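K.L.:
Build me a model:
(one chain, ligands or ions: 2)
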Amino acid sequence: MTDRELVDQAIKMLDYSYVPYSKFPVGAALECADGSVFTGCNVENAAYGDTICAERTAVVKAVSEGHRDDFVRIAIAGHSADYCWPCGSCRQVLFEFAPDLEVLIAKEGGDFVKLSLRELLAHGFGPKALL
Ligand SMILES: O=c1ccn([C@H]2C[C@H](O)[C@@H](CO)O2)c(=O)[nH]1
Ligand SMILES: [Zn+2]
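P.N.:
Ligands and ions are numbered 1, 2, ... in the order given. Here you go, the predicted model:
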C-alpha cells in the first residue's frame, strides 16, 4: 500500500470520530508487516479525561487482534489547517510497540509529511529500560 492510500484510510476515519465536545475529529490507520490495517478515530466522553485518541484506538485494536511487534506505519489525519501532530500520550503508546515506526501526518486537504517516531519522541522511555 502506498503512503497516500494509508493516509486516505486515516482521512476516511474522520467520519466515525465521536467528538461532541471538542468538535475536532482525528483519524488514524496503522499498518502491520502482513499488510493488515487497523483504523481508529477519537472517541470522546462526557468525563473529558476518558477520551481516547484516534491513534490509541488503532493501537488497541491491533494489539487485541494479536499484533504487537510488527507495526510498520501509522497515518494520522485531522481537519486542522496545521498537520495533526500526535499528542504525547499517543507518541508514548506507539513507542512501546514500535520505536522505529514511520509516521505520516496529514492536514486538511490531505497533504502529509513523513517522520520517524524517534524524531517525534526523542530519547523515549520504553520497555528496554525495565529489562
Ligand atoms: O494525538 C491526538 C491528539 C488529540 N486527539 C483528539 C482527542 C480529542 O478528542 C481531540 C481534542 O484534543 O483530539 C487525537 O485523537 N489524537
Ligand atoms: Zn493522542
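K.L.:
For this protein, which segments count as helices?
P.N.:
Assigned helices in the chain, in chain order: 3-12, 54-63, 88-97, 117-120 (criterion: DSSP state H).
K.L.:
Just say which of those helices is most tucked in.
P.N.:
helix 54-63 (a mean of 22; mean count of other CB atoms under 10 Å). Yep, even glycine has a C-beta here, placed from its N, CA and C like the rest.
K.L.:
what about it and ligand 1, touching?
P.N.:
Yes: counting by CB under 6 Å from any ligand atom, contacts between helix 54-63 and ligand 1 involve Ala54, Glu55.
K.L.:
show me what contacts Tyr18?
P.N.:
Residues in contact with Tyr18, defined by CB atoms under 8 Å, 6 or more residues apart in numbering, are Cys41, Asn42, Val43, Glu44.
K.L.:
Run through the bridge partners of it.
P.N.:
Under the criterion DSSP bridges, Tyr18 forms beta bridges with Val43.
K.L.:
List the residues that contact the nearest residue in space to Tyr16 that is not next to it in sequence.
P.N.:
Nearest non-adjacent residue to Tyr16, counting by CB to CB, 6 or more residues apart in numbering: Cys41, 4.4 Å away. Contact partners of Cys41, counting by CB under 8 Å, 6+ apart, are Met13, Leu14, Tyr16, Ser17, Tyr18, Pro25, Val26, Gly27, Ala28, Ala54, Thr57.
K.L.:
State the distance from the closest residue to the last one other than its chain neighbours to Val59.
P.N.:
Okay, so that is Thr57. Of all residues beyond its chain neighbours, the one nearest Thr57 is Gly40 (3.1 Å), with distances taken as CB to CB, 6+ apart. Gly40 sits 8 Å away from Val59, going by CB to CB, to the nearest Å.
K.L.:
overlap in contacts of those two?
P.N.:
Leu30.
K.L.:
Tell me which residues touch Thr39, please.
P.N.:
Gln9, Ala10, Lys12, Met13, Gly27, Ala28, Ala29, Leu30, Ala58, Lys61.
K.L.:
What pLDDT is listed against the second one?
P.N.:
The per-residue pLDDT reported for Ala10 equals 98.
K.L.:
can you check the fifth one too?
P.N.:
At Gly27, the pLDDT value in this model is 98.
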